[in-house]
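> Have a look; sequence and predicted model below, questions after that.
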Amino acid sequence: MSEPLADEFGREVTGVRISLTDRCNFDCIYCHNEGLGDTRGPMEPSDDEITADEVVRFLEVVEEFGVEKVKFTGGEPMLRADLEEIIRRTPESMEVSLTTNGTFLRGRAEDLKEAGLARVNVSQDALDPDEFAAVTKSGAYEEVLDGVEAAIEAGLTPVKLNMVVFEHTAGYVEGMVDHVAENEGLQLQLIEYMPELTGRPEWNIDIQRVHDWLEDISDRVEHREMHDRKRYWVSSTDRDTATDSEGDDSNCGMVEIVDPVENPTFCANCHRVRVTHEGYLKGCLNRNDDLRSMGEMSREEIRETFRAVVDNRVPYYGEYLIEGDDGEWELNEEYIGA
Ligand SMILES: Nc1nc2c(ncn2[C@@H]2O[C@H](COP(=O)(O)OP(=O)(O)OP(=O)(O)O)[C@@H](O)[C@H]2O)c(=O)[nH]1
Ligand SMILES: C[S@@+](CC[C@H](N)C(=O)[O-])C[C@H]1O[C@@H](n2cnc3c(N)ncnc32)[C@H](O)[C@@H]1O
Ligand code: SF4
Ligand code: SF4
C-alpha cells in the first residue's frame, strides 16, 4: 500500500464517497442529491447504475493508494438490495459508513453490521411527524425513528442524525440538540443548507448564529481534522452542568456543524473523492465539470483515472470559486473544465 495521493494544495485523499443510486423513496425539498440534482423519477434501477463488481474493483484499487474510509450514500443507498454484498466485499482495511434516510434499517441493520458496516448517519430533520412530512414529502416518520433504534441495537454507533438547517427547520435545532444530549448512542450533525443546485437561496439561514448559540451552551469545543469542523459537547438535562475536570462526556451529546458554504477553511481540509451512481469519479460535491467515467475500465485504467481526478482537485471555495473585488464569489476561469 502506498502513501495517500495528494493534490496540488497538499490535500491527501484518504476517503471516498460512493453514491450507489440516484433513486429515492423520499422527495426532500432541499435535496442536492450529492451535487447531481433531482432524485425524483422511476424507482427501478437504470442500466447505468454502478454495479457491485464495479464498486468493489474501484475500492480494491484505491486501497492501494492508502484510502482508508468509504462512505456509501445516494439517493437512498438502502434501495440497493446488494448493499450488504457490497459491504461484505469491501476491503477489510477500510472503515465503512452509510448515510441513509433510515426507512429500511429495521430488518437490515444487523445484517449490515455483520457484513462489516461500522456506523450509520440517518437523516432526521424533525421530531414531529407533520414537520417531517413537510420537509421530506414522506409519511415514514415512525419507520425512521424505528430505524434509528434498530441501528443502535445493532451497534452501528454512534448513530449520527443529520439535520439540514434552513428556514423550515431552524426552529427545531434546539429540540434536536436536547434529543441527542438525552440519548446515548446518538450524535447530531447540523448541516448548513447548500443552496447551490436547489435553486432556493431564500431558504438560507446564517449558520454562524447556530455556532454562537452552541458556543454559549456547550461544555467543550473540539475541531475535527476533516474540514476543520467544530464539535460541541452539550450536557444533557441541565445545561449548566459542565463536564467534570477529567473530561467525562458520559452525560454529553456531541453536535457537529457541517458548514461548507463560502468556507475556504472547510475546503482546504477536504480529503475525499466522490463516485457518482453511474460510476463517474469527481473531486468535489459542488462540481460536475471534472467528471471522469471509470465504466468498463481495467484496474490500471482506474488507477490512472483516480490519479487524474486527484491531480485536478481544487478547494471549491478558495480556488475554484474565488472572492471577487466586490466581495461576491465568482468562477476562477483557470479551473473550468479541468
Ligand atoms: N460541500 C460539501 N458538503 C459536505 C461534505 N461532506 C459532507 N457534506 C454535507 O454533509 C452531508 C452529510 O454528510 P454525511 O455523509 O452524512 O456525513 P459525513 O460528512 O461523511 O460525516 P461523517 O459520517 O462524520 O464522516 C452531505 O450530504 C453534504 O450535504 C463535503 O466535503 N463538501
Ligand atoms: C443526498 S442524501 C443521501 C443519503 C440519504 N438519502 C439521506 O438522506 O441521508 C445525503 C445527505 O445530504 C444532505 N443534503 C441534501 N441536500 C442538501 C442541501 N441542499 N444542503 C445541505 N445538505 C443536504 C441530506 O440531509 C443528507 O443528510
Ligand atoms: S432522503 Fe436523501 S436522497 Fe432522498 S430526497 Fe431526502 S436527502 Fe435526498
Ligand atoms: S472542495 Fe469544498 S465544496 Fe468541494 S467537496 Fe470538498 S469541502 Fe465540499
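In hand now; what should we look at? Since this is a predicted model, take the numbers as computed values, not measurements. Ligands and ions are numbered 1, 2, ... in the order given.
> For ligand 4, what's the nearest residue on the stretch 101-250 of the chain?
As assessed by CB to the nearest ligand atom, ligand 4 sits closest to His227 within the stretch 101-250 of the chain, at 6.0 Å. The way it works is simple: take the backbone N, C-alpha and C, and place the C-beta from them, glycine included.
> Glu95: neighbour count?
Glu95 is flanked by 14 other residues according to other CB atoms under 10 Å.
> The residue of the stretch 101-250 of the chain closest to ligand 4 against Glu256, yeah?
No - using CB atoms under 8 Å, His227 makes no contact with Glu256, being 9.6 Å away.
> mind checking which helix or strand the closest residue to Asp111 other than its chain neighbours is in?
The spatially closest residue to Asp111, leaving aside those adjacent along the chain, is Glu84, at 5.2 Å (CB to CB, 6 or more residues apart in numbering). According to DSSP states H and E, Glu84 maps onto helix 83-88.
> so what secondary structure elements neighbour the very next helix or strand once past that helix?
For helix 83-88, the following helix or strand on the C-terminal side (DSSP H and E) is strand 95-100. On a contact count with 3 or more CB pairs under 8 Å, 6 or more residues apart in numbering; DSSP states H and E, strand 95-100 meets strand 69-73, strand 119-123.
> Buried ones in strand 95-100, by neighbour count?
Val96, Ser97, Leu98, Thr99, Thr100 (16 or more other CB atoms under 10 Å).
> what's the answer for stretch 102-111, then?
Gly102, Thr103, Phe104, Leu105, Arg106, Arg108, Ala109, Glu110.
> what's the average pLDDT for it?
Computed over stretch 102-111, the mean pLDDT rounds to 98.
> what about that stretch, distance to the chain center?
Distance of stretch 102-111 from the chain centroid (CA atoms, centre = their mean, to the nearest Å) equals 19 Å.
> That stretch vs ligand 3: in contact?
No - if you take CB under 6 Å from any ligand atom as the test, stretch 102-111 misses ligand 3, and the best it gets is 8.4 Å.
> how long is that stretch from one end to the other?
15 Å (CA to CA, to the nearest Å).
> which bits of the stretch 201-338 of the chain sit near ligand 1?
Val258, Pro260, Cys270, Arg272, Leu285, Asn286.
> Just among those residues, which is most surrounded?
The most crowded member of these, judged by other CB under 10 Å, is Cys270 (24 neighbours).
> Correct me if wrong, but that one is in a helix.
No - with DSSP: H, G, I helix; E, B strand; the rest coil as the criterion, Cys270 is coil rather than part of a helix.
> average pLDDT across the helix holding Glu84?
Helix 83-88 comes out at a mean pLDDT of 98.
> what's the answer for stretch 175-191, then?
94.
> what about it and ligand 2, touching?
Yes - using CB under 6 Å from any ligand atom, stretch 175-191 reaches ligand 2 at Ile191.
> So which residues make contact with that stretch?
121, 124, 127, 148, 152, 157-165, 173, 207, 210, 214, 234-237, 250, 252-258 (CB atoms under 8 Å, 6 or more residues apart in numbering).
> how close does Thr198 get to ligand 2?
Here Thr198 is placed at a distance of 5 Å from ligand 2 (CB to the nearest ligand atom, to the nearest Å).
> Now do the contacts for that residue.
Tyr30, Cys31, His32.
> Is there a neighbour count for the last one? I'd like the number.
Spelled out, that is His32. His32: 18 neighbours (other CB under 10 Å).
> State the helix or strand in which the residue in the stretch 151-300 of the chain that ligand 3 sits nearest to lies.
Residue nearest to ligand 3 within the stretch 151-300 of the chain: Val164 (7.8 Å; CB to the nearest ligand atom). Assessed by DSSP H and E, Val164 sits inside strand 159-165.
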